[in-house]
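[1] Would you be able to build a 3D model of this:
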Amino acid sequence: MIAERPTGPRLSQLLSPLLTAVVAAVLLALIGLELAFAVSWAMLLAAIVVARQSGAVLEDPGWSAAHSPFVTQRGSEVSRLAWSFVARTGAAGPTIVRRVRNLTRRRLDHRGIDIDDSTHHARADAMLGNNVRASLFQNHVTRIDIERALDAIERLPLTPESAEPVEPQHPDHDHHPAKED
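    As a prediction, the model looks like this:
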């Protein structure tokens, strides 16, 4: 019959923190610290000894592949886009310009128009309106260019087969601010 080794902590692992705590408490009490505080500091020291013996403090587990770092972002997507405008100059930042360009690409791609292909520029201009495409793809895009492009995208026909542009409707169909008496 094979004798099983105990799997719990060995006696030396328990005696070391206990002995450290007793010695620390006695020394602290001898130098004039009140007994309650001496015992408290001794218990803290014993806890540190136990932690060091277990190796929990010394071992660096590294980053687990299963846990990806979570990046906290402040503000909403709308607020980040709004802050990408430079109020002093009226220039649009690269984030909003890229988003509107990509939106325009997707909407025109559904209609078979490649906005990056120069042979399709005439068709894109016919769909979007005069100079909307060119102003959106210039180096200095302004807030007005972004607004014109978004208005043009909103007016695109609902289906690729439909040739009639759609007039945008006010969210409150029965009550439009312009129709107030």
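[2] show me where pLDDT drops low in the chain?
    Flagging of the chain using pLDDT under 70 yields the residue ranges 1-13, 55-75, 159-181.
[3] per-domain residue ranges of this protein.
    Listed by automatic domain parsing, the domain ranges of the chain are 14-54, 78-168.
[4] Let me have those in JSON lines, adding mean neighbour count as columns.
    (C-beta placed from N, C-alpha, C; glycine too.) Formatted as JSON lines, the domains of the chain follow (neighbours: other C-beta atoms under 10 Å):
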{"stretch": "domain 14-54", "mean neighbour count": "14"}
{"stretch": "domain 78-168", "mean neighbour count": "14"}
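[5] how close does residue 94 get to residue 140?
    Computed as C-beta to C-beta, to the nearest Å, the residue 94 to residue 140 distance reads 12 Å.
[6] ok, now residue 26?
    Taking C-beta to C-beta, one finds residue 26 at 78 Å from residue 140.
[7] What lies in contact with stretch 126-136?
    Applying C-beta atoms under 8 Å, 6 or more residues apart in numbering, the contact partners of stretch 126-136 are 97, 100-101, 104, 108, 111, 113, 115, 121, 124-125, 141, 145-146, 148-149, 152-153, 155-156.
[8] Export it to PDB, keeping only CA atoms.
    Provided in PDB are the C-alpha atoms of stretch 126-136 (Å, rounded to 0.1, in the frame of the first residue of the first chain):
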ATOM      1  CA  ALA A 126     -26.700  63.500 -61.900                       C
ATOM      2  CA  MET A 127     -27.800  61.400 -58.800                       C
ATOM      3  CA  LEU A 128     -26.300  63.600 -56.100                       C
ATOM      4  CA  GLY A 129     -26.600  67.100 -57.700                       C
ATOM      5  CA  ASN A 130     -24.400  69.700 -59.000                       C
ATOM      6  CA  ASN A 131     -20.800  69.700 -57.500                       C
ATOM      7  CA  VAL A 132     -21.800  67.600 -54.400                       C
ATOM      8  CA  ARG A 133     -19.400  64.700 -55.300                       C
ATOM      9  CA  ALA A 134     -16.500  67.000 -56.200                       C
ATOM     10  CA  SER A 135     -16.900  69.000 -53.000                       C
ATOM     11  CA  LEU A 136     -17.000  65.900 -50.900                       C
END
